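**Q** predicted model, plus sequence, below.
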2 protein chains.
Amino acid sequence: MTRTSTLSPVPPADAAAEPTRVAVSTVIFTLRRLPGSETASVALPLVRRTRDPHEGLWALPGGWLDATEGLDAAASRTLAETTGLAPSYLEQLYAFGAVDRSPSRVVSIVYWALIRPDEIADASDENVQWFDAASLPGLAFDHNQIVDYALWRLRNKVGYSRIAHGLLADEFTLAELREVYEAILGRRLDPANFRRQVENSGTLIPTDRFRTGSHRPARLYRYNQDVELADRGPLDRRQ
Amino acid sequence: MTRTSTLSPVPPADAAAEPTRVAVSTVIFTLRRLPGSETASVALPLVRRTRDPHEGLWALPGGWLDATEGLDAAASRTLAETTGLAPSYLEQLYAFGAVDRSPSRVVSIVYWALIRPDEIADASDENVQWFDAASLPGLAFDHNQIVDYALWRLRNKVGYSRIAHGLLADEFTLAELREVYEAILGRRLDPANFRRQVENSGTLIPTDRFRTGSHRPARLYRYNQDVELADRGPLDRRQ
DNA sequence: CCAAAAGTGTTTAGCGTACACCCATGT
DNA sequence: ACATGGGTGTACGCTAAACACTTTTGG
């Protein structure tokens, strides 16, 4: 038998009868401080489905891939169309393609994203609602599984990458940065050790300004733009 | 404006005129010792394209996603059909979907895989050929970029995961395991320190048997099946 | 003055690296 | 016997963690 590349120009005709469609969804995280809570927690927006399948259930924001746009662009577009949000960080998470994950055959390219709390326009839209990541309802499709995986990736990546900055404004105190880490990791960090670690990492630039208001003023820091925020997949890899 | 999930049951009609197709490809690595070389090196099989686009160029093994199979199954199937290989480790790498990566619109779900050298049946197939990963020719589509990314992921993952075992037989000496690491990382490792690290990791079980043949016999080890080989994405995550 | 957060210093434990050294086998 | 890889011991340097301590503000 002589084997050749099966990537023929056109797939078999029978497959074209009910083609597999490509959707793009995004798990977008932010931090918020629940009223009466001491600590911040991870939250994400969900969109109520207005059609079958799973009409009425909450689902990840997303939509169909357009023929004229790349995957990243599709993620940004569908996220904006469904929620009005524009993430400060966006990275591909995983492609989900189990046969039974939807009544029709759908392959979903899922992204995960971060957004700063100050960039969230509180849209008075009853079909978009923010949920605490730790206590989600039953979602449409396999979206609970997807969110769990995105959370795992977030917690994992915060350990070796600078992504926590995607949740903060341009200038921030070390306490604010530490709060981000604590919310994502779900545990308290030693302020003294945290300071040294982040100072020695070379990713922060101290400014001359201070955050005042209570107790001793805290110095404000900026990102060091020379350092990559995080690996964003193969596409912006320089070589 | 009231936003809703754009995941309507059917995509727009104009998009169906020239539908986006889903392909699956695999970067499958093994180790081989080139004749006359002291060290092993990473190698991968490529398939010669027998049709346009890029007829005559070498490409990653792959094929179209079938409507009745999941993504993982499609990767295994297309890999077997094009090369006859069955990997010992298989993990999703990335979804590539740039508009201009192929003349027609194709989203490729790319996997990366490992196979043990002893599992490679040397097929006398002129359309499948093994290449040294460090010196590839110009490949079809964006496949050079994809291989580079897969190599980066391999090198990265070998640092915190047990995937190196996917390139070895059931029983192996520490020198053989070390050789795998050295080939992937591209640098020599201290035998003494390597031994301690891997022994303390708890992933190896010493057997009573030894590899003899030259100099002092070396103890053979087995995998500890209780320890996960590596994270294989969200699908076999237990919670 | 006091509370509380900002910021500094010090000690300890663990781990990776480098490297000296002994052990066991084939030739 | 000796060369060679298998295997052990040890010292050094870096970093994370724990925690005592000083500084600076608001009230």
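**A** Yep, it's here.
**Q** once you drop chain neighbours, what's closest to residue A:102?
**A** residue A:141 (5.9 Å; CB to CB, 6 or more residues apart in numbering or on different chains). For glycine as for every other residue, the C-beta is placed from the backbone atoms N, C-alpha and C.
**Q** tell me which element that neighbour falls in.
**A** Counting by DSSP states H and E, there is no helix or strand that carries residue A:141.
**Q** correct me, but it touches residue A:54?
**A** Yes - counting by CB atoms under 8 Å, residue A:141 touches residue A:54, with 6.6 Å between them.
**Q** which of the two has more neighbours?
**A** residue A:141 (23 against 18; other CB atoms under 10 Å in any protein chain shown).
**Q** who are the packing partners of the helix of greatest length in chain A?
**A** Taking DSSP state H as the criterion, chain A has its longest helix at helix A:143-158. Other helices and strands packing on helix A:143-158, by 3 or more CB pairs under 8 Å, 6 or more residues apart in numbering or on different chains; DSSP states H and E, are strand A:21-33, strand A:40-48, strand A:89-96, strand A:106-114, helix A:174-185.
**Q** looking at those, spot the one closest to residue B:118.
**A** strand A:89-96 (31.4 Å; CB to CB).
**Q** for that closest one, C-alpha coordinates in CSV please.
**A** Only the C-alpha atoms of strand A:89-96 are listed here, as CSV (Å, rounded to 0.1, in the frame of the first residue of the first chain):
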residue,chain,number,x,y,z
TYR,A,89,-5.4,39.3,27.2
LEU,A,90,-6.6,36.6,24.9
GLU,A,91,-5.1,33.2,24.3
GLN,A,92,-6.3,30.0,22.7
LEU,A,93,-7.3,27.4,25.2
TYR,A,94,-8.4,24.2,23.5
ALA,A,95,-10.4,22.8,20.6
PHE,A,96,-13.4,20.8,21.7
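**Q** ok, which residues in chain A are in contact with DNA strand D?
**A** A:190, A:192, A:193, A:196, A:197, A:200, A:212, A:213, A:214, A:215, A:216, A:217 (CB under 7 Å from any atom of the strand).
**Q** switch to 6 Å and redo it
**A** Residues of chain A found near DNA strand D (CB under 6 Å from any atom of the strand) are A:190, A:192, A:193, A:197, A:212, A:214, A:215, A:216, A:217.
**Q** domains of chain A?
**A** Following automatic domain parsing, chain A resolves into domains at A:18-158, A:170-223.
**Q** out of these, deepest packed?
**A** domain A:18-158 (a mean of 19; mean count of other CB atoms under 10 Å in any protein chain shown).
**Q** how far away from the center of its chain is that domain?
**A** 8 Å (CA atoms, centre = their mean, to the nearest Å).
**Q** pLDDT and secondary structure for the residues of chain A next to DNA strand D - can I get that in JSON lines?
**A** Output for these, formatted as JSON lines (pLDDT from 0 to 100; DSSP: H, G, I helix; E, B strand; the rest coil):
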{"residue": "A:190", "pLDDT": "96", "secondary structure": "coil"}
{"residue": "A:192", "pLDDT": "96", "secondary structure": "helix"}
{"residue": "A:193", "pLDDT": "97", "secondary structure": "helix"}
{"residue": "A:197", "pLDDT": "93", "secondary structure": "helix"}
{"residue": "A:212", "pLDDT": "92", "secondary structure": "coil"}
{"residue": "A:214", "pLDDT": "81", "secondary structure": "coil"}
{"residue": "A:215", "pLDDT": "89", "secondary structure": "coil"}
{"residue": "A:216", "pLDDT": "94", "secondary structure": "coil"}
{"residue": "A:217", "pLDDT": "95", "secondary structure": "coil"}
